[in-house]
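# give the three-dimensional model of this entry:
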Amino acid sequence: MKTRTPLSIYIATTIGLTIMAFEMFASDSGYFSSPFFWALILIAIILLMIMNSIGDMIENESFSRLSEEEKKQYLAEKSVPYYEKLWNSAFKKQSVTEEKDILIDHGFDGITELDNSLPKWWIGLFWFGCIFCVVYLTAFSFTDYAHPEAEYTKETKTMLASIAEFEKTAPQINLETAKYSADNIAEGQELFKTNCVTCHGDGGKGGIGPNLTDTHWINIKEKSLFKNVFWMLENGSPNNPTMRPFIKDGTITGKDAEKIAAYVYHINQETSPITVSQGGAAAQGEEVKWENGNN
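Residues are numbered from 1 along each chain as shown. Sure thing, here's the model as predicted:
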C-alpha cells in the first residue's frame, strides 16, 4: 500500500495548470480580475478536497485490511515528509545492501551496473514537458499565442490607441505653439512623401510646385522659414488653390505639420540646395533672407 500525494501538491498543480491555460488561450481577458477565473479555482479546490476525502476513506479501509507488520511499515513510510521523500528519491545514495539487491548480473573490467529506477523528479519533468508541448502546440496552432506577428500587431494597436487617446486631451499645436525639433525630421520626411512629394518632388526639388531647397519663395507670410511653412500648411496658398490648407481640411494635424515644417527647414537651411543642373526646379518668387532661428 503506497502513501498518497498531499492535497497541497494537487492544489498547487491545478492552480498552475489553470493559470497556464488561461495565459495561453485567454491572455487578453484580464483573467486575474475575472470572477469566473476565481470561481473556477474555488470549484477545482472543492472538488480536490472531495476527492481527497474519498481517498482518505479508501485509505482507511485498505489500512484496516493490512497485517500488523504491513501497518507498521506503512506508518513508518507515511511518517517521512513528502518533500523529504522527493529529495531522497532524487539524491539519496543506496546503501551497500540496497546496491546488492539491484545489481545487474553482468559487468566488464570490474564495472558493474545497477538497475536504478528513474528519479521521480525526472519522470515528473518528463511528463510535464510532454503535456506542456501538447498544450503549447495546440495553443500555437489554433490561437494567436506566441505568434510574433500577432503580438506585434496587438502591441501596435495598443500603442496607436494610447496615442489617439493622448491626442484627444493634448493641447493642439498651432502656429504660435509649433516649435522646430531635429527629432521630427525623419517623421516629417515620411509625411512629406505622403502629402507633398507629388507637387514638390523628391527631397523638395520642385516639379509642379516650387523648389523648396532654394532661397526663393512665392508666399512669404512669416519671418522665419519654419513658421512660414507651418502657415502654408495651415492656410494654403492664396496664389494657388492647388496648395490647399492641409490642416484646416483635416488632411494632417498640427503635429504632422510641425514635423513637415521641420523637414522642409532641414532641406532648405541645413543641406545644399538642389539646383537646376541637379534636377531641381528653377527658382520662383523672390529671394528671402529668413530671420535667424527656426521657431
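
# list the buried ones in the helix or strand hosting Y136?
Assigned by DSSP states H and E, Y136 falls within helix 120-142. Residues V135, A139 are the ones in helix 120-142 that count as buried (16 or more other CB atoms under 10 Å). From N, CA and C alone the C-beta is placed, and that goes for glycine too.

# could you say what helices and strands that helix packs with?
Judged by 3 or more CB pairs under 8 Å, 6 or more residues apart in numbering; DSSP states H and E, helix 120-142 is in contact with helix 7-25, helix 82-91.

# tell me which of the ones you listed sits most buried.
helix 7-25 (a mean of 14; mean count of other CB atoms under 10 Å).

# averaged pLDDT, that helix. What do you get?
Mean per-residue pLDDT for helix 7-25: 88.

# which residues are in contact with it?
29, 31, 37, 40-41, 44-45, 48-49, 52, 82, 132, 135-136, 139, 143, 145 (CB atoms under 8 Å, 6 or more residues apart in numbering).

# repeat the analysis, applying 7 Å as the threshold.
31, 37, 40-41, 44-45, 48-49, 52, 135, 139, 143, 145 (CB atoms under 7 Å, 6 or more residues apart in numbering).

# please apply the same query to stretch 52-70.
Residues outside stretch 52-70 that contact it (CB under 7 Å, 6+ apart): M1, R4, L7, K71, Y74.

# count of neighbours near the fourth one?
Yep, that's K71 we're talking about. Applying other CB atoms under 10 Å, we find 14 residues neighbouring K71.

# the strand or helix carrying it vs helix 82-91, what angle?
K71 is part of helix 68-78 when elements are defined by DSSP H and E. Here helix 68-78 runs at an angle of 90 degrees relative to helix 82-91 (axes from the mean of the first three to the mean of the last three CA atoms, to 10 degrees).

# how about helix 68-78: buried residues?
In helix 68-78, counting by 16+ other CB under 10 Å, buried: Y74.

# run the chain-centre distance for that helix.
Taking CA atoms, centre = their mean, to the nearest Å, one finds the center of helix 68-78 at 54 Å from the center of the full chain.

# which stretches in the protein count as strands?
Counting by DSSP state E, the segments of the chain that form strands are 103-108, 111-114, 216-217, 286-287.

# show me what the second one is packed up against.
Spelled out, that is strand 111-114. On a contact count with 3 or more CB pairs under 7 Å, 6 or more residues apart in numbering; DSSP states H and E, strand 111-114 meets strand 103-108.

# and the strand it packs on, C-alpha only, in PDB?
What follows is strand 103-108, C-alpha atoms only, in PDB (Å, rounded to 0.1, in the frame of the first residue of the first chain):
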ATOM      1  CA  LEU A 103      22.900  -5.200  -9.100                       C
ATOM      2  CA  ILE A 104      22.600  -6.400 -12.700                       C
ATOM      3  CA  ASP A 105      24.300  -9.700 -13.200                       C
ATOM      4  CA  HIS A 106      26.800  -8.500 -15.900                       C
ATOM      5  CA  GLY A 107      29.800  -6.300 -16.000                       C
ATOM      6  CA  PHE A 108      33.100  -5.600 -17.700                       C
END
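
# ok, back up a step: for A150, which of the helices and strands packed on helix 120-142 is the nearest?
Ranking the helices and strands packed on helix 120-142 by proximity to A150 (CB to CB) places helix 7-25 first, at 12.9 Å.

# distance check, the closest residue to T251 other than its chain neighbours against L48.
Using CB to CB, 6 or more residues apart in numbering and skipping residues adjacent in sequence, the residue nearest T251 is N195, 6.6 Å away. Spatial separation of N195 from L48 under the definition CB to CB, to the nearest Å is 63 Å.

# could you do S27 as well?
Taking CB to CB as the measure, S27 falls 25 Å from L48.

# ditto for L42
According to CB to CB, L42 stands 11 Å off from L48.

# please say which of these two ends up with more neighbours.
More neighbours surround L48 than the other of L42 and L48, with 16 against 10 (other CB under 10 Å).

# number of residues surrounding the residue lying closest to N219 once chain neighbours are set aside?
Using CB to CB, 6+ apart and skipping residues adjacent in sequence, the residue nearest N219 is S237, 5.4 Å away. When neighbours are counted by other CB under 10 Å, S237 registers 16.

# nice, that's everything, thank you.
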